[in-house]
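Colleague: Just need the structure, nothing else, for what follows:
(chains A and B)
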Number of protein chains: 2
Amino acid sequence: MTEFRYELLATDGKARLGRIHTAHGVIDTPAFMPVGTAATVKGMLPENVADTGAQILLGNTYHLMLRPGAERIARLGGLHKFMNWDKPILTDSGGYQVMSLSKLRKITEDGVTFKSHIDGRKFALSPERSMEIQHLLGSTITMAFDECTPFPATEQQAAESMRMSMRWAKRSKDAFVEREGYALYGIQQGSVFENLRRESSEKLAELDLPGHSVGGLAVGEGQQIMFDTLDFCVDMLPANKPRYLMGVGKPSDLVGAVMRGIDQFDCVLPTRSGRNAQAFTHRGTLNLKNGRHRDDDRPLDDQCNCPACTKYSRAYLHHLIKAGEILGAVLLTWHNLAYYQDLMRGMRDAIAQRRMEQFARDFYAGQEGGDIDPVPIIED
Amino acid sequence: MTEFRYELLATDGKARLGRIHTAHGVIDTPAFMPVGTAATVKGMLPENVADTGAQILLGNTYHLMLRPGAERIARLGGLHKFMNWDKPILTDSGGYQVMSLSKLRKITEDGVTFKSHIDGRKFALSPERSMEIQHLLGSTITMAFDECTPFPATEQQAAESMRMSMRWAKRSKDAFVEREGYALYGIQQGSVFENLRRESSEKLAELDLPGHSVGGLAVGEGQQIMFDTLDFCVDMLPANKPRYLMGVGKPSDLVGAVMRGIDQFDCVLPTRSGRNAQAFTHRGTLNLKNGRHRDDDRPLDDQCNCPACTKYSRAYLHHLIKAGEILGAVLLTWHNLAYYQDLMRGMRDAIAQRRMEQFARDFYAGQEGGDIDPVPIIED
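Modeller: Now for the predicted structure:
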């Protein structure tokens, strides 16, 4: 078996090139993790997700506990087998989705009770139950159960929320079943407050977990405040362990966050945008619903090697979207995932060659050819 | 270039093993043609359709003329290039869909005018315009423009309808642009009336077209009347040319029709059923919505080699359906197309080995393990 460990291969400014070794294989970082909410990356076969270069997927504890149920997935051999993905899987703790999706929530020190957004059935989550569910799923990387502090929050609200999350992190560690090659990540909270982010980091340091995420960002604060917060909060986390920015983001968010020391990302943006006619390209973001693509025989993105770009015209993709065809969602999702993986590969190469600043300048210049602003960050 | 021709390789009773040579490659018959209505086999990448064994697709003139438009497809290089399918394509004439889908139709000897079901715009179709559209699309096999006689029809109604279709067949031939390796098929009409089917066949014989279809069946008459009609009407068509039964059908329809001398089929059933949780298997038809599949770790069909059957459990497919995931529709569509191609391959092998009767007995016995009756035949 492989020990879970982070290997730091090179740095360029704060940007880091690395490799995470896990029981299910390696993850080259900076890495983007496509979201497979309900045991499927929407619209994609897992082998095709892997073809784009993805080495790890994210699964949502909240969705899977409601349907089909963690115990059922365990009986069927675990999430990897269930969804036919043998590379690493990271699962979130369920806390965030409870707050954003469920009904009639009640939060106490013990945990949270809520009603399913699907059928109204009552469920409970706590650090202990979240660890149990993620264990039943067989997650390679388990996330500590936390409360994602809303934005904006007063310093006092942020402090109280963060301190409960840190107590929950300790309970998560106590309940987590250690297995070689598997890991539990702690989540730093503290909103935009430097002193609170520091306090959170110190409490996490006591737990000596093998990885960390930055939580409580990408919740409506905007890119500038997110970057300003990352400027101080990432350095507070140990440099010999991976640092994961949850729920981020747009291509420009990824570039800026990598330059601030982030190693892992997840976001529904490439998949959800793909289902909504939006394509991220090397020349900016395109809306394929737009009639101006009607007669355009050019590829979607002439710098991309995905099937959508090598086998079809913009005119065809536009036609599929207008006709409401499944293949339109499939091809644009595929392209967006390929674009995101390409972007991450580009950044890894740039860090290795110590030209990350130049890469970022070229990236921002290239984005000006788009016809629309990217959609805001949204959670599945 | 390849001349368009039908090669008869073996017979077993009335069942025929053959091969159609076309400008875009060969078609082994009996053949099932997946339906790619709007320039896409719904939910499938064309290379995956080819992986199932399909050697020819059907495209719908009606849908394509409305959106994105035949002239546009021609400007973009033709339907093959537009949809990334380089094997043969058969297009229907548009007549059937005008009657079943459009609004405010008006039929005269000249042709038909109608309003688009999409946006209400006015269009016209005639033998000449149908030939022009199919030429613009670049169809390997063009269908003559006809009126599909409704069922039931009196003998007089059926006769009048058939005779107009035969006049339209002549106009279709006059308007058709001959190209090597391409073909125009004539369509036999006459409802369930033997004398009318004979008259139709005699009129078609005067046109000496390279292939024929049996039209006006699978329109609500039921399998027994369809088989009874095929018993006499197929033999009326020349044996040295392919015979195509339009819009058929369920697996049991295909077996019965092959035994009555049919070489080509098309139907939306495998694709539409796949999008509606229904799977055709070697043990009958399954409804994956059914809760009894919830914990079933068996493959959908243990005699099938498609991805849905080799990589996933019934429990997973059930989960995808319940969660409304695109991948559920994709995998069941893929399986159904693989099942249909497998069935055709099985019949071709059986004819070659002169054991078609035994194949049919085994087929009908195997179907008794299903949990539901197949859905009725429906048109896209």
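
Colleague: what about the residue nearest to A:Gln223 when sequence neighbours are not counted, is that helix, strand or coil?
Modeller: Leaving aside its chain neighbours, A:Gln223 sits nearest to A:Asp253 (6.1 Å; criterion: C-beta to C-beta, 6 or more residues apart in numbering or on different chains). C-beta here means a position set from N, CA and C on the backbone, and glycine is covered the same way. Taken by DSSP: H, G, I helix; E, B strand; the rest coil, the conformation at A:Asp253 corresponds to helix.

Colleague: How about A:Tyr339?
Modeller: Going by three-state DSSP: A:Tyr339 is helix.

Colleague: pLDDT at A:Pro150, what is it?
Modeller: Looking at A:Pro150, its pLDDT stands at 92.

Colleague: these two touch, right, it and A:Val219?
Modeller: Yes: contact status for A:Pro150 versus A:Val219: in contact at 6.5 Å, counting by C-beta atoms under 8 Å.

Colleague: which one of those two has more residues nearby?
Modeller: A direct count of neighbours by other C-beta atoms under 10 Å in any protein chain shown for A:Pro150 and A:Val219 places A:Val219 higher, at 20 against 15.

Colleague: Just give the nearest non-adjacent residue to the more buried one, would you?
Modeller: Spatially, and ignoring its direct neighbours in sequence, A:Val219 is nearest to A:Phe151 (4.6 Å; C-beta to C-beta, 6+ apart).

Colleague: For that neighbour, which three-state class applies?
Modeller: Under three-state DSSP, A:Phe151 comes out as coil.

Colleague: Now do the same contact list for it.
Modeller: A:Ser191, A:Val192, A:Gly216, A:Val219, A:Gly220, A:Glu221 (C-beta atoms under 8 Å, 6 or more residues apart in numbering or on different chains).

Colleague: For stretch A:34-44, output the C-alpha coordinates as CSV.
Modeller: What follows is stretch A:34-44 as a C-alpha-only set of coordinates in CSV (Å, rounded to 0.1, in the frame of the first residue of the first chain):
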residue,chain,number,x,y,z
PRO,A,34,-14.4,17.6,-11.5
VAL,A,35,-17.5,17.4,-9.4
GLY,A,36,-19.4,14.1,-9.5
THR,A,37,-22.2,15.1,-7.2
ALA,A,38,-24.5,12.1,-7.4
ALA,A,39,-21.9,9.4,-8.3
THR,A,40,-21.6,10.8,-11.8
VAL,A,41,-19.8,13.7,-13.4
LYS,A,42,-23.0,15.0,-15.1
GLY,A,43,-23.1,14.0,-18.7
MET,A,44,-19.8,12.2,-18.8
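
Colleague: Is chain B within reach of it?
Modeller: Yes: using C-beta under 8 Å from any C-beta of the partner chain, stretch A:34-44 reaches chain B at A:Ala38, A:Ala39, A:Thr40, A:Lys42, A:Gly43, A:Met44.

Colleague: Out of these, which is nearest to A:Arg272?
Modeller: Taking C-beta to C-beta as the measure, A:Lys42 is the one of those closest to A:Arg272, at 7.8 Å.

Colleague: since we're on A:Glu368, how many residues are nearby?
Modeller: Neighbours around A:Glu368, by other C-beta under 10 Å: 8.

Colleague: gap between it and A:Asp342?
Modeller: 18 Å (C-beta to C-beta, to the nearest Å).

Colleague: so where does the residue nearest the centre of chain A fall, helix or strand?
Modeller: Residue closest to the mean C-alpha point of chain A, counted by C-alpha atoms, centre = their mean, is A:Asp266 at 1.2 Å. Assessed by DSSP states H and E, A:Asp266 sits inside strand A:264-267.

Colleague: Look up phi and psi at A:Gly215.
Modeller: phi -100, psi 170 (degrees, to the nearest 10).

Colleague: State the pLDDT value of it.
Modeller: Reported pLDDT for A:Gly215: 97.

Colleague: Having no further points to raise, I will conclude here.
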